[in-house]
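Student: Here's a sequence, model it:
(2 chains)
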Amino acid sequence: MKKAEVKEESAKAEAPKAGEAPAGKRVKTPQLLRGFRDVLPEEQSFWDFARTTAEKLARAYSFDRIGLPLLESQDLFIRSVGKATDIVEKEMFAFEDPGGDKVVMRPEGTASAARAYIEHGMLDRPQPVKLFYIEPMFRYDRPQAGRYRQHYQFGAEVFGSEEAIIDAQLITVAHSFYKELGLDVVMRMNSIGTNESRTAYKVELVAHYRRHRNTICEDCKRRLQKNPLRVLDCKEESCQPVKASAPQILDYLDDASKEHFMKVLEYLDEVGVKYVLSPHLVRGLDYYSRTVFEVTLADADEEAARGTVLGGGGRYDALIETLGGRPTPGCGFGLGIERTVMAMKDKGVVPPVVTPFVFLAPLGDGARRKGLLLFEQLRQAGIPVAECFGKAALKAQLEAADRMKVPHTLILGQKEVLDGTIIIRDMESGAQETVDIGKVVGIIQKKLANGNGKSE
RNA sequence: GCGACUAUGGUGUAAUGGCUAGCACAGGGGAUUGUGGAUCCCCUGGACAGGGUUCGAAUCCCUGUAGUCGCCCCA
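Tutor: Residues are numbered from 1 along each chain as shown, chains lettered A, B, ... in the order given. This next block holds a predicted model:
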């Protein structure tokens, strides 16, 4: 019956006035773009926890924040991340700006940071230069759980030192980040050496696989062409024997890289950062050299972990030079906030929430007028105060206060307004006291100072 | 970019191709005209979109869209 009514109405409203939605007809709501998401209020405590932890930590380790633009020239990423990488080849939001320049929404932060380092002459500052950022990145990926077209990264970069202790401390920062968020993680470590040693290794690896051409899977044959190091990731049963007998990259490292890597590991042992060697770990960005690492949950096994990498990073000693700067070593990481939040939820981490200390409930028009001002006074006195002015009934306001788990509610009714008083209600015991309204701010302040109200 | 699966109020779900699409939670209102966290009552609100098959479609088919899983790759 209702449906029929609606239909009738819409039939009648044939000639809607310009600028008005046709009556009775449903207007379709524009929807979220594929791979994008809204972070709803309920989720914000997780995000706040992650962001404030990241920022606190970065500052504790003397990193300075850098703000980087969303749009960069396409050329920046082609030259740094690499033309043949998946990120550049098929995952960039790239377009021409109105002036005809080729620009992209940055797919990652390191290249931007390196560009800024060169562009602002940071190589003439005291080295090393340590920078951090928490910014969204964009990749035109096929979306999946924990994989979005816009995702946030906590990034940290150190330019101007190739000391192994830099790598180790960076990894320690990443490790501490997760630890402080209540997540038990393990760092998967590898070294891919210099360009030369890596090239030499690839030749050997390809030769090895060519010798077993007839037993390896189709995927691996393709990988040999495109990205040989990836064959070591293959899960195909038939490839396992070939994989097991394949040469290891660590054996092909030049002496300096090998020594560098050993030092990094020693430092990590020293600070007690949990890591495992991952000889198959290679990263999909061209600028990496020597140390590379990924972060996964400690209880995820090697196979399962591949899909849920929380973060990754490594050394990029040639990057600055590639971008036209004076040769300068560097090292950094990017940690995915969405995946971190997802892991926190999975593991039942309870993020800290700030609950207001008092709730102000005015009743009636006169009280509301006074209440609006009192709210300002409480807030200016540094008291976390909440309200639900949108509701008039006391019952509804107390319900709201209860939902917020506020320890005290201030009730201001008509009678109190006339008397110049206000009621302070203890929400746990239900006890109420009536006090002079002029003194209430001071009284609440005192209660707050005494920690007279649990949650802190 | 490839393959597979899924799609019912805000959320979680139910219904041999057949009656007004049911239930729980959340939300709004009330029982209590100024007292929350318990209970009870009432209400709001839904078939992803578009086609097709059929007397009849939430249910079957197609296309699109979105999500999820695997591949690729990554945070």
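Student: Just the residues contacting the helix or strand harbouring A:Phe77, thanks.
Tutor: Here A:Phe77, judged by DSSP states H and E, is contained in helix A:74-77. The contact list for helix A:74-77 (C-beta atoms under 8 Å, 6 or more residues apart in numbering) reads A:87-88, A:92, A:94, A:102-104, A:106-108, A:111-112, A:115, A:323. Every residue, glycine included, has its C-beta placed from N, CA and C.
Student: What does the pLDDT read for the residue in the stretch 351-456 of chain A that RNA strand B sits nearest to?
Tutor: Per C-beta to the nearest atom of the strand, A:Gly413 is where the stretch 351-456 of chain A lies closest to RNA strand B, at 2.6 Å. Per-residue pLDDT puts A:Gly413 at 93.
Student: Can you show me the strands along the stretch 1-150 of chain A?
Tutor: Along the stretch 1-150 of chain A, counting by DSSP state E, counting those that start in this stretch, strands occupy A:64-65, A:71-73, A:93-96, A:102-105, A:129-138, A:150-159.
Student: quick one: strands adjacent to the first one?
Tutor: According to DSSP bridges, strand A:64-65 forms sheet pairs with strand A:129-138 (parallel).
Student: average pLDDT across the strand it pairs with?
Tutor: Strand A:129-138 comes out with an average pLDDT of 97.
Student: low pLDDT regions in chain A?
Tutor: Filtered on pLDDT under 70, chain A yields the residue ranges A:1-27, A:235, A:301-307, A:452-456.
Student: For RNA strand B, what is the nearest residue in it?
Tutor: For chain A, C-beta to the nearest atom of the strand, closest residue to RNA strand B: A:Gly284, 0.6 Å.
Student: Is that residue part of a helix or strand, or is it coil?
Tutor: Following DSSP: H, G, I helix; E, B strand; the rest coil, A:Gly284 is assigned to coil.
Student: Relative to A:Glu236, how far out is it?
Tutor: As judged by C-beta to C-beta, to the nearest Å, A:Gly284 and A:Glu236 stand 20 Å apart.
Student: try A:Asp86
Tutor: For A:Asp86, the distance to A:Glu236 equals 20 Å [C-beta to C-beta].
Student: Return the residues in contact with the residue of chain A closest to RNA strand B.
Tutor: A:Thr85, A:Asp86, A:Ile87.
Student: on that earlier part again, Throw the strands of the stretch 1-150 of chain A into TSV and include mean neighbour count and distance to A:Arg51, thanks.
Tutor: Listed next are these as TSV, based on neighbours: other C-beta atoms under 10 Å; distance: least, C-beta to C-beta, whole Å:
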stretch	mean neighbour count	distance to A:Arg51
strand A:64-65	10	12
strand A:71-73	15	23
strand A:93-96	13	24
strand A:102-105	18	21
strand A:129-138	20	6
strand A:150-159	24	8
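Student: could I get the ones you listed as JSON lines with distance to RNA strand B?
Tutor: Output for the strands of the stretch 1-150 of chain A, formatted as JSON lines (distance: least, C-beta to the nearest atom of the strand, whole Å):
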{"stretch": "strand A:64-65", "distance to RNA strand B": "19"}
{"stretch": "strand A:71-73", "distance to RNA strand B": "16"}
{"stretch": "strand A:93-96", "distance to RNA strand B": "12"}
{"stretch": "strand A:102-105", "distance to RNA strand B": "13"}
{"stretch": "strand A:129-138", "distance to RNA strand B": "7"}
{"stretch": "strand A:150-159", "distance to RNA strand B": "3"}
